[in-house]
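>>> sequence-free structure coming up:
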């Protein structure tokens, strides 16, 4: 359960038995394919989820950067992002474990919608906790969860955002741990979540590696993925970690600046790999955005999905080992990346994903001749945010926005 | 260019040379695979579009109806619907023909977004005409088109809806026909559009037929698809037409009633196969919703994508031949189908698609033991409409809507 | 030459002025006054637009006029009554879309066939028969290319109507031959690519088209974009046997509606513009015949 | 038995009343008055909550109190100053999350290591050292299971602090053994599943847990959900060596904030409830010892 000095199980005692039960189930079903769990998981990912997703040559970006750019199209997965790989795996595992109920928390709503879909598909009752303020900002996602039959419980404590929703879900789990599984949405949390979520997401790199060899005759020189909690990142890197020739770039949200306002407790970015320091959060030792007392800072990013003060412990370890290159791309460059991919390739990426394309623009000269970028999700969910944020800036590649911003 | 008495080329003389040039290109590139056109088309559909899409067993619907229900997952195609199959084919064909510009019209915006994506992907300048009223109702789709680099031209004549946008696009084409290709979005219009669009969409049935045989050991007994203009319908039926054991069900929008208000010129449905009469519209002889003078009626459906007074001439022919079974499903049953698929299978369908599931509920006892239903598109685009329309009705399977309808 | 002697006569002696208005725009009575004003202004043939709900070949000026007429209740039967009601010397041609022609009388035919259990015999014949009875001497159907025209052509021949085809700048070779075999009365030479609509310029495409059509022995009337006497003069001087004017006239009707002018005032403007166009055409004709006799 | 004699003493003679409050809730001065009121009410040990921004093990009552304290500017250094400032007889235990313990003094350590070029030696030692200096006699760290506790345990041993672990109703077998090897001072017996929060009922799980723990020779203090003297009586009668009360007391603070009560009025209520709880516990103890001597 450790990645060097990172990882572990920093959870309330009441949850330890559940965590241990889960670790046992992980070993049996995921690692051991007991009862054909992994076969069923892979089959459902294919039929319900739409795997394999393509590895597509990006013709126009390849020309622009004079390098071969390939896109791993996780945006085409059911639900519109890589999130389903994990949600489906965990809900199925809960079923194999004899659990009768699913809970999850969600901030921007992406993990919640993926979990709700998986729970509907597998006929599991599901409750999603979501901060009241987030509910008001993400009504379409709330509606999607409810359409899929999940109960969405508004969390009104504190500021009504992700952190309060996490606490509320923990509370639920602490009371119902015997028949309930808590689906964590990234490679964070106590062991076995980080390894388990990585293993469910590793299909991204498993496919991408095979597709790259088949299409280009060799391994990529570089693999690029955006990083918030890090589940798409580790999923995209996993099978390349042992390929020492392949450089791995984790692109974090640089937000408005990497400078920290310690007084206000605000880091206007989410670059925990790039700027964070070791600490313990949500069950694991990892790199964090924290003040000198150890209080967690409020992080910020134009992309709500990257807006998290921690990061998966395995990524923290791989960064310390020098295997993963952590980089930060700011809000402006991410928005430019959003518009560039939309108008040159006909793919509207999630704002999370857009950070990876901001990186490509800024650093393509440092990259090798075959670059794989993970398109972790589609941008339909981000249209309102993109209109609002684009309107604040002067972006060359953006369309004329006047018809959208007038009267908004 | 004829399907029995249907089809033909009823277009202004100025367009005839373009139509003939297109027919020639269709024969050479699509039928003859000249310059490897079809190979490139299929490859781009796979890499950019995400084909093949799965044929998924719907476990819970299969149980509910005590029959094997399989879903052809066109909702997983890039853009969220089958529309891209055709748009990509036509934009690529325009490129092979040496055209330098793409135009299209769109009502609800689905065809427009698919065309804009394909045009961005293939680096073709693109103009989309859209009625001003439709623009105001479908702002997210307008934004998507603009993000993809297309120009969206508002059409202010008349009522500012699809019919005026069609006229405006025709006007553009009539002036620019020498260097411009008009991408028609369904199996309608003059020859060669109906056969060409069918051939681009036929990949749906080509895959589904192969997948059904592979997964179930035999052909399906029934194939079900919703029908507006009919492109997903013919695409889903095409390769099964010669399999006489396979029943083909085209599910039209029954709207609020099949009764017609001749005085107001309104048919509160879009059931042109089921209730329409022969006539000439938009370049082809087909079945239409028209009054006794031959004026086209205003059609209506809860699903804007089915809301069209005509239908593809080939479907009209197959219905007359008895090969295709035309059925109508009303707004209420379609909305129920929308909620049922969402909460039992974890797939939120387009409201168009939902009609096919309304049919399944109402007629499953008449169907055989292996039913394939085409999930033509996803419902993300329809969330607002679904909230509004659900709120008007008392639907058992719908979630509690109060948090969405209050203060809207 | 054609089926209709009246249309032949209109082109027999000097250039023909062929104006177009939408019947029933903005209402039945005004429209009647407007058409009669065209006649007074010198029309040789009048093209009467019967509005269809989906006019795919029109510019926005005429499209809006068609909507006004439909909103005011125009139907094929009222259109024929209008034609019968008119007091004009010019030959009358009906311009409409094929579905209205195809459906006309269909509901009666269908009721009859439902009663008799036989298939309905819809088709263009009832429309043409009724048009002939109303004094219509020709048809222009912008969405009916020669390839699909056989049934209508047969009905027109049966009832003595001309079937006018539109020749586009892009119509050449076999297609042109086929069309010229089927055309009667006159050929509508589309002056430029695009849809109907008044323009300031007259395209080079017109001259090219007229050159291409020289060998065919049928009157050539040029339309699309003509709005002044000077344009009319140039076009006729260039070889046209007639000029067709639509949008420029429909514009006057639309202006009348917008600015709430009296029917008489609009009619006067229509008559005046007609006179200018007719005179322009005649000047062009004179300069052409003079040039020919000089050579 | 434990590292801290004061804590041993608190459990040595009759049942221990162990109240909890969040330090700095709603502000430093009021909080000091409240903690002193607990002492007057009979507290044997006082658990002082040091607020962490992400309190994953708390019920909403205590979570809101932590937010109030943080918003009022509470930090670890102010917390220690508070402990030094207190005038109480009870033994003091600090309850907080591991990250605050782990980070304490880290920035100084990091600056030093940056200067010396060596790796930073962050870890729990500076926090424990400072806590000891401030008179804290024990630590409860709800997100630190025994498996991860070695470094903290060592520091506690070094500075003479007890490290209290929480035993859940689900803690059994090897895990329980391991925990009981590491615990010192007292064991915090979680009365039921869930997070902190006052409840009306006392669960059967409490009795089971106490049975399970009987063989271990360490004081057992039961917490989670105790809010009345009657509950305290039943729990101590059932075998508990002490009762831990948090949410019921924090509720009084929250009510004070909501209803704008004076610090004195809130302190009086805290003292009164403490008295009731302490007396309840003593009644329970008497009935238990009487029952034992009767047998």
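Arrived safely, thanks for sending. From a predicted model like this one, the values you see are computed outputs, not experimental measurements.

>>> CA only for contacts and neighbour counts going forward, please
Fine.

>>> could you pull out the helices for chain C?
Ranges of helices within chain C are C:5-12, C:28-40, C:60-71, C:76-85, C:98-103, C:106-116, C:125-133, C:150-159, C:173-182, C:204-213, C:229-237, C:247-258, C:263-294, based on DSSP state H.

>>> in terms of mean pLDDT, which of these ranks lowest?
Among the helices of chain C, helix C:106-116 has the lowest mean pLDDT, at a mean of 54.

>>> hmm, back to that, nearest to residue B:160, of the helices of chain C?
Ranking those by proximity to residue B:160 (C-alpha to C-alpha) places helix C:60-71 first, at 11.9 Å.

>>> which strands or helices does the closest one pack on?
Counting contacts by 3 or more C-alpha pairs under 8 Å, 6 or more residues apart in numbering or on different chains; DSSP states H and E, helix C:60-71 packs against strand C:16-22, helix C:247-258.

>>> tabulate these (a markdown table), appending mean neighbour count and distance to chain D.
Conversion of the helices and strands packed on helix C:60-71 to a markdown table gives the following (neighbours: other C-alpha atoms under 10 Å in any protein chain shown; distance: least, C-alpha to the nearest C-alpha, whole Å):
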| stretch | mean neighbour count | distance to chain D |
| --- | --- | --- |
| strand C:16-22 | 28 | 75 |
| helix C:247-258 | 20 | 66 |
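
>>> can I get those in TSV including distance to residue B:13?
What follows is the helices and strands packed on helix C:60-71, written out as TSV (distance: least, C-alpha to C-alpha, whole Å):
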stretch	distance to residue B:13
strand C:16-22	19
helix C:247-258	19
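
>>> which one of the ones you listed lies nearest to chain A?
Nearest of the helices and strands packed on helix C:60-71 to chain A, taken as C-alpha to the nearest C-alpha: helix C:247-258 at 28.1 Å.

>>> list the contacts of residue A:62.
Residue A:62 makes contacts with A:68-69, as judged by C-alpha atoms under 8 Å, 6 or more residues apart in numbering or on different chains.

>>> distance of it relative to residue A:369?
Going from residue A:62 to residue A:369 by C-alpha to C-alpha, to the nearest Å gives 10 Å.

>>> overlap in contacts, these two.
residue A:68.

>>> next, the contact list for residue 179, please.
Looking at chain A here, since you left the chain open. A:98-101.

>>> actually chain C
Residues near residue C:179 by C-alpha under 8 Å, 6+ apart: C:146, C:165.

>>> that one and residue C:10: what is the separation?
Look at residue C:179 and residue C:10: by C-alpha to C-alpha, they are 22 Å apart.

>>> cool, and residue C:212?
When residue C:212 is compared with residue C:10 (using C-alpha to C-alpha), they lie 23 Å apart.

>>> more neighbours: which of the two?
residue C:10 (21 against 15; other C-alpha atoms under 10 Å in any protein chain shown).

>>> the lowest-mean-pLDDT helix or strand in chain A packs against which elements?
Every helix and strand of chain A was ranked by mean pLDDT, DSSP states H and E. The lowest is helix A:402-405, at a mean of 72. Other elements packing on helix A:402-405 under the criterion 3+ C-alpha pairs under 8 Å, 6+ apart are helix A:383-391.

>>> about what we covered before: just the buried subset of the contacts of residue A:179, written out for ChimeraX, thanks.
To isolate the buried ones among the contacts of residue A:179 in ChimeraX, judged by 16 or more other C-alpha atoms under 10 Å in any protein chain shown, type:
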select /A:99,101
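
>>> identify the residues contacting the spatially most central residue of chain C.
The centre of chain C sits closest to residue C:47, judged by C-alpha atoms, centre = their mean, with a distance of 3.5 Å. Counting by C-alpha under 8 Å, 6+ apart, residue C:47 makes contact with C:18-21, C:92-95.

>>> can you classify the closest residue in space to residue A:48 that isn't next to it in sequence as helix, strand or coil?
Of all residues not flanking residue A:48 in the chain, residue B:56 sits nearest, at 6.1 Å (C-alpha to C-alpha, 6 or more residues apart in numbering or on different chains). Three-state assignment for residue B:56 (DSSP: H, G, I helix; E, B strand; the rest coil): strand.

>>> then residue A:325?
strand.

>>> neighbours around the closest residue to it other than its chain neighbours, how many?
Closest residue to residue A:325 apart from its sequence neighbours, by C-alpha to C-alpha, 6+ apart: residue A:249 at 4.8 Å. For residue A:249, the count of nearby residues is 24 (other C-alpha under 10 Å).

>>> residue A:244 too?
Residues lying near residue A:244 (other C-alpha under 10 Å) number 10.

>>> and it, how far is that from chain D?
Between residue A:244 and chain D the computed distance is 27 Å (C-alpha to the nearest C-alpha, to the nearest Å).

>>> again, but for residue A:3
Distance of residue A:3 to chain D, computed by C-alpha to the nearest C-alpha: 14 Å.

>>> helices of the stretch 151-300 of chain A, residue ranges please.
Applying DSSP state H, counting those that start in this stretch to the stretch 151-300 of chain A gives helices spanning A:162-176, A:193-201, A:203-216, A:231-237, A:272-275.

>>> what mean pLDDT does the last one have?
Same thing as helix A:272-275. Helix A:272-275 carries an average pLDDT of 95.

>>> what does that helix contact?
Contacts of helix A:272-275 (C-alpha under 8 Å, 6+ apart): A:252, A:258, A:287-289, A:309-311, A:315-316, A:319, A:326-328.

>>> which of the residues you listed has the most neighbours?
Within the contacts of helix A:272-275, most neighbours by other C-alpha under 10 Å means residue A:310, with 34 neighbours.
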